[in-house]
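A.B. asks: have a look; sequence and predicted model below, questions after that.
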Amino acid sequence: MADSQHIPASPPSAIDIAALLQRLDAEQAEARKLVEPNKRALFAVLAPAGITRVTVTFDGGGDSGQIEAVDAFCGEETATLPNGEVTLSRRSYCSDDVEQVTLSVPEAIEDLCYALLGQEHGGWENSEGGYGEFVFDVTADTIELDMNIRIGTSEYHGHQW
């Protein structure tokens, strides 16, 4: 009986963890450069529509996460998001390329939130997950994230008689 198992000519090379971490740091630095221009593009559509603040709540766990609500305000009064479009820049997956995407205002808000969550709290939707709120303060020209990470714990008790 012939042995059908293939034996490689040489063992696989070791994974260079330091190089991978360096690459990840570089990718995150490049992604951070897109936050300010994307924020400016979004706020340039929100401000003329009289939107002063947008709140976005999210929740994740069990390996999935989602935006729960997007609420717009004009002062303290609720408002409707404008119908316009926003062109955002985003990094292509596993690439150094930056692509331009044109989205509706609600889609642009969600896209920016997901990008910021991935950038600052990658894996926020895994295991016990996390939840929180973004506040887009158009008047102050800021985006604030309040993040809560759920942590599961265990307590060990050993007994012997």
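C.D. replies: Nice, thanks for sending it over. Residues are numbered from 1 along each chain as shown.

A.B. asks: quick one: contacts for Leu103?
C.D. replies: Each residue near Leu103 by CB atoms under 8 Å, 6 or more residues apart in numbering is listed here: Glu85, Val86, Thr87, Leu88, Asp111. Every residue, glycine included, has its C-beta placed from N, CA and C.

A.B. asks: for the closest residue to the first one other than its chain neighbours, give the beta-bridge partners.
C.D. replies: Pointing back at Glu85 there. Leaving aside its sequence neighbours, Glu85 sits nearest to Thr102 (CB to CB, 6 or more residues apart in numbering; 5.2 Å). Thr102 has the following beta-bridge partners by DSSP bridges: Thr87.

A.B. asks: output stretch 23-41 as CSV, restricted to C-alpha atoms.
C.D. replies: Output of stretch 23-41 as CSV, limited to C-alpha atoms (Å, rounded to 0.1, in the frame of the first residue of the first chain):
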residue,chain,number,x,y,z
ARG,A,23,2.3,45.7,10.4
LEU,A,24,-0.9,46.0,12.6
ASP,A,25,0.4,49.1,14.3
ALA,A,26,1.2,50.7,10.9
GLU,A,27,-2.3,49.8,9.6
GLN,A,28,-4.0,51.3,12.6
ALA,A,29,-1.9,54.4,12.3
GLU,A,30,-3.0,54.8,8.7
ALA,A,31,-6.7,54.1,9.6
ARG,A,32,-6.5,56.8,12.3
LYS,A,33,-5.4,59.3,9.6
LEU,A,34,-8.8,58.8,8.0
VAL,A,35,-10.9,59.7,11.0
GLU,A,36,-10.6,63.5,10.8
PRO,A,37,-11.3,63.8,7.1
ASN,A,38,-14.3,61.4,7.4
LYS,A,39,-15.6,63.4,10.4
ARG,A,40,-15.3,66.7,8.4
ALA,A,41,-17.2,65.1,5.5
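
A.B. asks: and the pLDDT at the residue nearest to Glu85?
C.D. replies: On pLDDT, Thr102 comes in at 97.
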